[in-house]
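*Asks:* here is the input, now give the coordinates:
(one chain, ligands or ions: 3)
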Amino acid sequence: MVCLNGVNCGFSRKRCFVAYETHNVRFNTSDYPDGTYTISAEAVDLANNTGFDNISVLVDNTLPVVNVTSPLDGVFVKETVAINADILEANTASVYVTVDGILISETVPVEWDTSLYPDGDHIISVYVTDTARNDAVDSVSVIVDNTPPTVVITSLVDGSAIRDIVGITSGVYDSYLENITLAINGTVVSDTGSYIWNTTEYTEGWYRITVKVNDIVGNYGEDEILVEVDNTPPLLIVNELTENPTLNKPEYSLFILTDSDATVIVNDEVITLINGSTVYSQNVHEGNNTFEITAIDASGNTADWNIIRLIVLTHWIWIQIVLRHPRMKVTTVFLMIKKIMMEIYYQATLKCNLERIHFQMILMGTDL
Ligand SMILES: [Ca+2]
Ligand SMILES: [Ca+2]
Ligand SMILES: [Ca+2]
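*Replies:* Ligands and ions are numbered 1, 2, ... in the order given. Here you go, the predicted model:
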């Protein structure tokens, strides 16, 4: 006779002569509430001798309930995070915590070092099995991001001088970008990595340009440069050291002074300066000698100084002057004058009241 908690559940009576017999009685545990039960068996032989044994069993037909409470499904995580779960089970046999199917713990809560995993999606699962081998699982998907955003200010150049309107640009990258700020001396002027900066609205001096970037999980990247706003043209002083260059003494010299950080260009050629000054010399030639001098400071502001020196021949030349007038006899004179004098005389004559006199001047030749 087999009993469950003292209730007769199975009975067999047969005569036998073997030393041992096996009697199987099947219980449908779903007919019983979860709980602890005693199964006892009693045997009686023909001489009414009895034997008795019992065992204790646990009936559990209730599935475990498991709910991952940390981290939440779909969140971004970095560094070390706690994995935890609510487990509802009276007869827990085992708890397994896996990440991407790999066991990392047999208990909760557990600290999970996400830095050991590549950035991206990962599946956390908590498995619970009870002593009756009922099991349950709950899973969440999280995004690991342990990589700070990268940010590089690509324009302007750190330490450079700038003027007028300039463009600030930066290269920003993160797989899970959250926000960008671009600040000038701490004042945010743009929520992108670029900005068109009208420096004429700022006082001159040094400015700190900072681009800060956050990703969704709170990793942080920053780049910063210093630039100098300079909208003032450079000083440019030019003094002629040669008063009257001639073809006989053709060297023509200029003293040039400008800002110490400026570059000077004379007739499209950069000249060498020492502490912003130099003496520039050039031989003149017949005709117009043009000297175009430009000083350019570090930010590109310019100052100009220009001069044209006319150099003429001083050789003697023959000229014939013919004066004609209705009441005058035609008069012809021959003069040998310097070319420079001829030009002066001609100009002076034009200013005289000689409208009735036909003035003719013929170049006869030079002594070249
Ligand atoms: Ca259970
Ligand atoms: Ca990131
Ligand atoms: Ca300047």
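
*Asks:* and the protein, which of its residues are near ligand 3?
*Replies:* Contact residues (CB under 5 Å from the ion) of the chain with ligand 3: 230, 232, 297, 301. The C-beta positions use only the backbone N, C-alpha and C, and glycine is treated the same way.

*Asks:* what would the residues you listed look like in TSV with neighbour count and pLDDT?
*Replies:* Compiled in TSV, those are given as follows (neighbours: other CB atoms under 10 Å; pLDDT from 0 to 100):
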residue	neighbour count	pLDDT
D230	20	97
T232	13	97
D297	23	96
N301	18	97
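
*Asks:* which of these lies closest to ligand 2?
*Replies:* D230 (37.9 Å; CB to the ion).

*Asks:* how deep is the nearest residue to the closest one once chain neighbours are set aside tucked in, by neighbour count?
*Replies:* Spatial nearest neighbour of D230, excluding adjacent residues (CB to CB, 6 or more residues apart in numbering): S299 at 4.1 Å. Burial of S299 is recorded as 22 neighbouring residues (other CB atoms under 10 Å).

*Asks:* what about the residue in the chain sticking out farthest from the centre, which SS state?
*Replies:* The outermost residue of the chain relative to its centre, with distances by CA atoms, centre = their mean, is A47 at 98.4 Å. Under the three-state scheme (DSSP: H, G, I helix; E, B strand; the rest coil), A47 adopts coil.

*Asks:* ok, it to ligand 3 distance?
*Replies:* A47 sits 126 Å away from ligand 3 when distances are taken as CB to the ion, to the nearest Å.

*Asks:* who's Q282 bridged to?
*Replies:* With DSSP bridges as the criterion, Q282 is bridged to Y252.

*Asks:* you'd agree it is up against F291?
*Replies:* Yes: proximity of Q282 to F291 meets the contact threshold set by CB atoms under 8 Å, at 7.5 Å.

*Asks:* overlap of the contact sets of those two?
*Replies:* Common neighbours of Q282 and F291, using CB atoms under 8 Å, 6 or more residues apart in numbering, are 252, 266.

*Asks:* now V77: how far from ligand 2?
*Replies:* On the measure of CB to the ion, V77 and ligand 2 end up 12 Å apart.

*Asks:* in the sheet, who's paired with that residue?
*Replies:* With DSSP bridges as the criterion, the beta-bridge partners of V77 are V144.

*Asks:* repeat that for the one 5 residues further on.
*Replies:* For A82, the beta-bridge partners under DSSP bridges are E111.

*Asks:* what do you get for the one 10 residues further on?
*Replies:* With DSSP bridges applied, T92 shows beta-bridge pairing to D130.

*Asks:* which parts of this protein sit against ligand 1?
*Replies:* Going by CB under 5 Å from the ion, the residues of the chain near ligand 1 are 60, 62, 130, 134.

*Asks:* number of residues surrounding N49?
*Replies:* Using other CB under 10 Å, the number of residues around N49 comes to 8.

*Asks:* list phi and psi for it.
*Replies:* For N49, the backbone dihedrals (degrees, to the nearest 10) come out as phi -70, psi 150.

*Asks:* from the residues of the chain next to ligand 3, which is closest to ligand 1?
*Replies:* Top of the list for closeness to ligand 1, among those and by CB to the ion, is D230 at 78.8 Å.

*Asks:* where in the protein is pLDDT low?
*Replies:* Of all residues in the chain, those with pLDDT under 70 make up the ranges 1-2, 8-20, 313-368.

*Asks:* if we use 90, what do you get?
*Replies:* Low-confidence segments of the chain, defined by pLDDT under 90: 1-27, 41-46, 243-249, 286-287, 309-368.

*Asks:* quickly list the domain ranges of it.
*Replies:* For the chain, the structural domains run 2-59, 65-144, 150-229, 236-311, 316-366, going by automatic domain parsing.
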